[in-house]
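In: Quick one: sequence plus predicted model below, questions after.
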Amino acid sequence: MSSSDSHPSLKRYGDVRTNNLSNPLLISCHAFSTRGGKRPRVPKMKDLHSLEEVIISAYDHLDGMSRRDISAVWARIPQLMSKRQPRHQSNISKELSEEDMRYMLCKIFDNTVDAIEDCNMRELTGTILGMAKIVSILHRQSKRRGEDSSRVILREQLLNKGMRPKIELFQSFAHASMDKLDEFDARHLSNLAYAYALIRYVPKFDDGSDLFDRIAIKAVAKTSDFSPQHFSNIIWSYATVNKPNAILFEEIGDKIVALTNLEDFKPQSLSNTVWGYAKIDASHPKLFEHLANHIINHGSLDGLKPQELSNIVWAYSTAGINHSKLFEKVANHIVDSDSLHRFAPQACSNIVWAYATADIRHEKLFEKVASHIVGLDRVVRFEPQALSNIVWAYATAGISHQALFEKMANALLGKMDQFAYPQDFSNTVWAYAKAGASNPKLFDKMADQFVALDNFHRFNPQALSNTVWAYATAQVPHSKLFEKVAEAAIQCKDKLTSQHIANLLWAYATMGTTDKQLFSSFVPAAAKLIDTCSNQDLANIAWSCTVANVDTPTLFNDAFINECVEKKDGFQNAALFQLYQWHLWQKKEKSHAGLPQELVDSCYDAFISKDPTVSKLQGDVVAHLSSIGLDPKEEILMGSGYRIDALVQVNGKSIGVEVDGPSHFIGKGRSPMGSTILKRRQVPSIDGVELVSVPYWEWNELLGKDKAKRQEYLRGLLGLSKRLHFDFDLLLIEISLSLYIDLDPQEQVLRDRGYRIDAIVGINRKITGVKVDGPYHFIGRSKSPLAGTILRRKQVPSIDCIELVSVGMDKLGKTQTEQQEYLRKRLVLK
């Protein structure tokens, strides 16, 4: 070892007190020790059955113990820590104080550390592996109240306050091992790697290399000496600490493939081997094929534990090797099992995840696992990632299981603060949306939890797009979540794929978000990736920008149209439907070049292909339209291709009546879906027909009232109010406008797009429309405007390009001065 590899100094624990022992039991033991007397025979550690016996015996014989004996002490301690202690040892435990236990353990520990460089390879690996196993046990069990003093002291010796292994200790052991690494055989090389993998620590050296680099160099030269257990241990170790070593893994893989008899591979060795190659992404198809054939031809799988079965199918799925016979055999074995009570939560999760990822839809297997989970009293042992992977697997496999999704949702609601990975969050909401198992309570709580995070940058592009796609598909609005995702997506827009962009835009458009700045932010990236778009990506991007009304010639140009034409045979009906709406937007609304006629015809056929259905709500509204003297025509196919629920003639003008049920709005709210927004814009723009909406909640509020109220509602919506009343109102306004503020209003002007404005005035060279809002423009006696009133207020400024000012007759005032003041304020006049 070079001088630069000098060992760090270690604290000597035995110096904390004098050599005087206070406990009578220890004094008695000390009287028969090797110190000052005849050297007694050192007992074999395997013959001792409690921690106290091992510690007292080791302390008693410390001066006469060899390095091999000390190594055996550290090997025996973790074995006993994993077992229930014998009852007859309770008296010894009671007589030993924590202070005396600390003194003895510290003496043993100091003796071990001081002489570590005198150990041979067997003694070194035995000591290091024993301590590593103790660390693993202590870390797994965590600190508990009332635990025995030996565990408390072992924590102090081997772990820091953060429950991590003491680096300086294990680094010194690594240095000591390097001095003798040339002497290590296959077994001890694999055990050394295994020890450090147990504590998840990779010691580094001054020359830039690390312990695993040096072990690999030695191991490659000795693979012929490796047993199946050695292969398994070293592969598991490198995978666990994420240390890929292509040369080592290739060499080991070749050696295993060359074996004609794999009977010496125990089930755990088989499992760990394929798991390690998959975990570290070490490709070796021949190895996977060789081991799969062995498992298939081996007969019964009864010898494999649940964890080993799950690791095997997880490994093949992760490695992208779909060995159908292997998957079939494992699935049938699990299905034929009497019970899955021995399957841990992680095993259940890994199994269904593996089959879903491998695209193997074994319905009996999925049903068996689902029934097992649903039948559990509690699922508190399931980690959030396991819960997420389970619902993801069922959604991906297209297997619906309502009871399972409900149980998983209840468990997830109690584990919100335990989600550590953004991917688990996006996978979960994606799965519920994909499976059609919308759970607004779960979605809301998950969104609240993650909006509060300040590390949204950890969400990769796929997680971002999947998240908003899920909320849009499930129709669960959450404005803060959508805002935060938009900010994060814009920051990483150069890393987005065409599918990410398409899903993001589709989600925002579907939820009625038409922020032009947001959509424009993704246009350059989308334009660069247009040749990588799938058919659905092309349709989603086109439709989303159509809804948002974001005209982008740099994106929707000849290249885009050519891409659509080249892929024309791959478009599904839903995508053709979307493209047709884009074509209407480009051709009719923007006067740009649209799609070629052949593709337009296909799109049009898809657009009108759905057979019209008349809901009970629509039938009721149409009946009341007839009752007020109108002659409504139902399900009218317009020139644009849109169907109107009902078309009526009012004062010589065609008005379309849309009866908007819950499907036209987001979730249980009152915000229109993107598709509804688009229809409300395109029909008046292209077909020249004014559209008015009858939202289901407004009509439902009138159902308990008499027929006259519903008729009154429709008259107000269609502008069929009593003329005498409004003539007076308009006259009053005309007098006020002309006499008191020197304007010359034009009454009842029909605009280009079909809307009538009560009065038009010119103010500062700008045209302003004045609309008199009487009682029929509001819901009942409230001040909440009807949907038709809201629509008029939005569409007139947008389509006719004039400002629209509403005048409430209840606020006009009684005197001319009050009227003049009110109108000046409404029209912003000095």
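Out: Sure, I can see it. Numbers count the residues shown, from 1 in each chain.
In: could you point out where the stretch 501-650 of the chain is predicted with low confidence?
Out: By pLDDT under 70, the stretch 501-650 of the chain contains no weakly predicted segment.
In: Next, please give the residue ranges for the strands of it.
Out: 633-637, 643-650 (DSSP state E, counting those that start in this stretch).
In: In TSV, list these along with distance to Leu576.
Out: Bear in mind the C-beta positions are built from the backbone N, C-alpha and C, glycine included. TSV is the format used below for the strands of the stretch 501-650 of the chain (distance: least, Cβ to Cβ, whole Å):
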stretch	distance to Leu576
strand 633-637	17
strand 643-650	17
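In: out of those, which comes closest to Val550?
Out: strand 643-650 (26.2 Å; Cβ to Cβ).
In: Neighbouring strands - and their directions - for that closest one?
Out: With DSSP bridges as the criterion, the sheet partners recorded for strand 643-650 are strand 633-637 (antiparallel), strand 653-660 (antiparallel).
In: Show me what the very next helix or strand once past the longest one packs onto, helices and strands only.
Out: Heading C-terminal from strand 653-660, the first helix or strand you meet, by DSSP states H and E, is helix 674-682. For helix 674-682, the packing partners by 3 or more Cβ pairs under 8 Å, 6 or more residues apart in numbering; DSSP states H and E come out as helix 498-510, helix 535-548, helix 573-584, strand 653-660, strand 690-695, helix 787-795.
In: Look up how far Leu595 lies from Lys587.
Out: Applying Cβ to Cβ, to the nearest Å, the value for Lys587 to Leu595 is 8 Å.
In: got it, and Trp585?
Out: For Trp585 relative to Leu595 (Cβ to Cβ), the value is 11 Å.
In: before we move on, the earlier item: buried deepest among the strands of the stretch 501-650 of the chain, which one?
Out: strand 643-650 (a mean of 19; mean count of other Cβ atoms under 10 Å).
In: List the contacts of that strand.
Out: Contacts of strand 643-650 with the rest of the structure, by Cβ atoms under 8 Å, 6 or more residues apart in numbering, involve 608, 612, 618, 621-622, 625, 630-638, 654-659, 683, 689, 691, 718-720.
In: quick one: it to helix 674-682, angle?
Out: 40 degrees (axes from the mean of the first three to the mean of the last three Cα atoms, to 10 degrees).
In: the inter-axis angle of strand 643-650 versus strand 690-695?
Out: Using the same axes, to 10 degrees: strand 643-650 against strand 690-695 is 110 degrees.
In: Restricting to C-alpha, output strand 643-650 in CSV.
Out: What follows is strand 643-650, C-alpha atoms only, in CSV (Å, rounded to 0.1, in the frame of the first residue of the first chain):
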residue,chain,number,x,y,z
ARG,A,643,-74.8,19.1,-35.0
ILE,A,644,-77.0,21.5,-33.1
ASP,A,645,-79.3,20.2,-30.4
ALA,A,646,-82.1,22.5,-31.6
LEU,A,647,-82.4,25.2,-34.2
VAL,A,648,-85.1,27.9,-33.8
GLN,A,649,-86.1,31.0,-35.7
VAL,A,650,-86.4,34.2,-33.6
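In: thinking again about what came up before, among the strands paired with strand 643-650, which is nearest Lys161?
Out: Using Cβ to Cβ, the strands paired with strand 643-650 put strand 653-660 closest to Lys161, at 61.9 Å.
In: low-scoring stretches of the stretch 351-500 of the chain, by residue?
Out: In the stretch 351-500 of the chain, residues with pLDDT under 70: 455-457.
In: all helices for it, in order.
Out: 363-375, 384-397, 402-413, 422-434, 440-451, 461-473, 479-491, 498-510 (DSSP state H, counting those that start in this stretch).
In: and the ones you listed as CSV, adding mean neighbour count and distance to Asp110?
Out: Below are these laid out as CSV (neighbours: other Cβ atoms under 10 Å; distance: least, Cβ to Cβ, whole Å):
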stretch, mean neighbour count, distance to Asp110
helix 363-375, 18, 51
helix 384-397, 24, 42
helix 402-413, 18, 48
helix 422-434, 24, 45
helix 440-451, 18, 49
helix 461-473, 24, 50
helix 479-491, 18, 53
helix 498-510, 25, 58
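In: returning to that earlier point: show me which of the contacts of strand 643-650 are buried.
Out: Taking 16 or more other Cβ atoms under 10 Å as the criterion, what is buried in the contacts of strand 643-650 is 618, 621-622, 625, 630, 632, 634, 636, 638, 654-659, 683, 689, 691, 718-720.
In: contacting residues for the spatially most central residue of the chain?
Out: The centroid of the chain falls nearest to Ser426 when counting by Cα atoms, centre = their mean (1.8 Å). With contacts defined as Cβ under 8 Å, 6+ apart, the neighbours of Ser426 are Phe459, Gln462, Ala463, Leu464, Asn466, Thr467, Ala470.
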